[in-house]
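# quick one: sequence and predicted model below, then my questions.
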Number of protein chains: 2
Amino acid sequence: MVFWMMSGGFCRGSAVLCRLSSVFRSGSAGSVRFGSGCQERVCRPLLSGTVDRFGGVTVRDFPPDISEDEFAELLSVSLRQWRSERRVAVWLHVPLALSRVCSGAARHGFFFHHARGDRAVLSLWVGPGDDRLPAFATHQVGVAGAVVDESNGKVLVVQDRNKTTNAWKFPGGLSDLGENIGETAVREVFEETGIRSEFRSLLSVRQQHDHPGAFGMSDMYLICRLSPLSYDIDFCTQECVRCEWLDLRALADTSETTPITSRVAKLLLYGLGSGFHNIDLAMETLPAVYSGSFYQLYHRRLPETSQ
Amino acid sequence: MVFWMMSGGFCRGSAVLCRLSSVFRSGSAGSVRFGSGCQERVCRPLLSGTVDRFGGVTVRDFPPDISEDEFAELLSVSLRQWRSERRVAVWLHVPLALSRVCSGAARHGFFFHHARGDRAVLSLWVGPGDDRLPAFATHQVGVAGAVVDESNGKVLVVQDRNKTTNAWKFPGGLSDLGENIGETAVREVFEETGIRSEFRSLLSVRQQHDHPGAFGMSDMYLICRLSPLSYDIDFCTQECVRCEWLDLRALADTSETTPITSRVAKLLLYGLGSGFHNIDLAMETLPAVYSGSFYQLYHRRLPETSQ
């Protein structure tokens, strides 16, 4: 959708897009003359956007057949208008099929803020001082499940196929978007080992930057304690070369594992002997104040007297 | 960079790009004939890429003046070749200034995997079965710091300017890319309140999906325990309307706060009385097995005897 700004204000026409693009095709972009409806008045096309409470403009509608050069010109005129209105930022939500307009926006200093699926979002700070725009997601979240059989002190471990060293580790993988930590642990354990389990607690959090395979982003890796609901291993040969119920003491002592797995094995041994309440972060679901949805909170369990 | 594939194999020419684009401009894209050097042999232009250990092809070089239609044709021929070589995935790393090629790639089923700054990455699964490509980062990470003055049982709290309700909360904000959890807490506390502090422990982890302001992604919000290094408040009036050293008991009892702040206040009260080792997740830095770098691991501290 496009506005037509004239000396004295705006007028908005139906079929403005096709009129605009015919204007552009005629090569006289930026300044046109009309007959009836716009007699003898110079009109300039503008992108239209919605203004958020922070003073940012978001543009979601683009002339469907606009060229890279035409868009750069249209954006130039629009930016002048938005700056005169004291806007602080401009967001362009560009459909994949119209990606050519991103190159046009780049000429005015826009950069990719993020992109996903069939849409790219470009941003430009036009307010005073430094860019204060919030960044996009910086972390992938991986979750592993330590399935502990309390009846015999054994834990479920695997050795990955695509690793150079054969190190025992807990089965796990990346969270899908919108998936809770515990859900990822239970799903990944089942996909890799065939073992069904249920979430008990969060045990540890690891943060690693420049994580291999994270596309330059960081990695948050969480290990959960799970209880087994089944015991017969049927592991995925695509992902694993070995899968066993291993004695926790053996896992804590072996050098054939990763430092984090060794740490958590010692943690689990301690919990097995002295009570898991000594190592667990309990989960509770609480209401979010502003969105009205719910979130999961993990922390040390409080004694009844302190709640 | 472009290869020329002939019956019998490949030959690589200098000035291939300009030759390629002139070929395209002549409208006979996809099949050309040469005089010397390529006598009577049919040549087809191909995108060149590097092959990773998973069987994916990554393309980083594109003819600089290629059009949307020309790229769609070039990609079509290249995809046939890669499929015949049993490649499983194709990654296109497209410079912002060449964004028009993204529209051409979309015609062959490519989607945005992610984009950042001056580069968009598109992907297409061409292997057997379901798409097994790893997803991009799904979480933003926010960190708050609970600065506890153990000498008087007070904690540093603020009220945000841009909120509808005046709720006490711990100062905090989003982690910059590559920043450790504790570093974010100390930085945000100083920026919002003027108080200098040092990291002591991780207290809680919150996961929330469809988080407002996370661009459709999820939010991981961590609260750290910090010790004050200074005490005179000089708060940022752009971000906060109030900032105080508040008695922990008062924060635990007031309704003028968020559920998570209230929970953590109770945790801190319990820690203040019984020892913070009862609520802390201690941090240690460990070496990453494969990358050679280091990561931060947070979990319950183990008794000496269990280490």
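Good, I have the coordinates.
# what lines up beside the strand or helix carrying A:Ile223 in the sheet?
Using DSSP states H and E, A:Ile223 sits within strand A:218-228. In the sheet, strand A:218-228 lines up against strand A:139-149 (parallel), strand A:197-208 (antiparallel) (DSSP bridges).
# as JSON lines, these with distance to A:Pro45 would be great.
To be clear about C-beta, it is placed using only N, CA and C from the backbone, and glycine gets the same treatment. Below are the strands paired with strand A:218-228 laid out as JSON lines (distance: least, Cβ to Cβ, whole Å):
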{"stretch": "strand A:139-149", "distance to A:Pro45": "41"}
{"stretch": "strand A:197-208", "distance to A:Pro45": "48"}
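# just how off-centre is stretch A:55-66 within its chain?
Distance of stretch A:55-66 from its chain centroid, counting by Cα atoms, centre = their mean, to the nearest Å, is 23 Å.
# and for A:Trp47, nearest residue in space, chain neighbours not counted?
Let me fix one detail, which is that residue A:47 is Leu and not Trp. Once flanking residues are discounted, A:Leu47 sits nearest to A:Ser78: 4.2 Å by Cβ to Cβ, 6 or more residues apart in numbering or on different chains.
# mind pulling the model confidence for the closest residue to A:Thr58 other than its chain neighbours?
Spatially, and ignoring its direct neighbours in sequence, A:Thr58 is nearest to A:Trp91 (4.4 Å; Cβ to Cβ, 6+ apart). You'll see A:Trp91 listed with a pLDDT of 98.
# equivalent analysis for A:Gly37, please.
For A:Gly37, the predicted pLDDT is 36.
# can you pull the contacts of the closest residue to A:Lys154 other than its chain neighbours?
Leaving aside its sequence neighbours, A:Lys154 sits nearest to A:Trp245 (Cβ to Cβ, 6+ apart; 4.2 Å). If a contact means Cβ atoms under 8 Å, 6 or more residues apart in numbering or on different chains, then A:Trp245 has A:149, A:152, A:154-156, A:231, A:233 as its contacts.
# which of the residues you listed sits closest to B:Pro64?
A:Leu156 (53.1 Å; Cβ to Cβ).
# that closest one belongs to a helix?
No - applying DSSP: H, G, I helix; E, B strand; the rest coil, one finds A:Leu156 to be strand, outside a helix.
# for the closest residue to it other than its chain neighbours, name its beta-bridge partners.
Nearest residue to A:Leu156, sequence neighbours excluded (Cβ to Cβ, 6+ apart): A:Val147, at 4.1 Å. When assigned by DSSP bridges, A:Val147 has beta-bridge partners A:Leu226.
# and for A:Val147, the neighbour number?
Residues lying near A:Val147 (other Cβ atoms under 10 Å in any protein chain shown) number 28.
# and the gap between it and A:Val57?
Distance of A:Val147 to A:Val57, computed by Cβ to Cβ, to the nearest Å: 51 Å.
# could you do A:Arg80 as well?
Here the criterion is Cβ to Cβ. By it, A:Arg80 lies 13 Å from A:Val57.
# who has more neighbours, those two?
Counted by other Cβ under 10 Å, A:Arg80 and A:Val57 do not tie: A:Val57 has more neighbours, with 23 against 12.
# next up, the contacts around that one.
With contacts defined as Cβ under 8 Å, 6+ apart, the neighbours of A:Val57 are A:49-51, A:82, A:87, A:89-91.
# can you tell me the SS state at it?
Judged by three-state DSSP, the three-state class of A:Val57 is strand.
# pairing partners for it in the sheet, please.
A:Val51, A:Val90.
# pick out the residue closest to the middle of chain A.
For chain A, A:Ala137 is the residue whose C-alpha lies nearest the centre (Cα atoms, centre = their mean; 4.5 Å).
# OK, contacts around that residue?
Here A:Ala137 is in contact with A:114, A:217, B:136-140, B:214-215, B:217-218 (criterion: Cβ under 8 Å, 6+ apart).
# hmm, A:Cys102 is touching A:His93, no?
No - if you go by Cβ atoms under 8 Å, A:Cys102 and A:His93 don't touch, sitting 11.1 Å apart.
# which of these two has more neighbours?
A:Cys102 (28 against 15).
# check which helix or strand that one maps to.
Assigned by DSSP H and E, A:Cys102 belongs to helix A:100-106.
# tell me if that helix is near chain B.
Yes - using Cβ under 8 Å from any Cβ of the partner chain, helix A:100-106 comes into contact with chain B via A:100-103, A:106.
# immediately after that helix, which helix or strand?
Using DSSP H and E, the helix or strand that follows helix A:100-106 in sequence is strand A:111-116.
# got the residues of the stretch 1-150 of chain A near chain B?
Near chain B, when you scan the stretch 1-150 of chain A using Cβ under 8 Å from any Cβ, you find A:53, A:68, A:96-103, A:106, A:111-121, A:134-141.
# now the buried members of those.
A:68, A:96, A:98-103, A:106, A:111-116, A:119-121, A:136-141 (16 or more other Cβ atoms under 10 Å in any protein chain shown).
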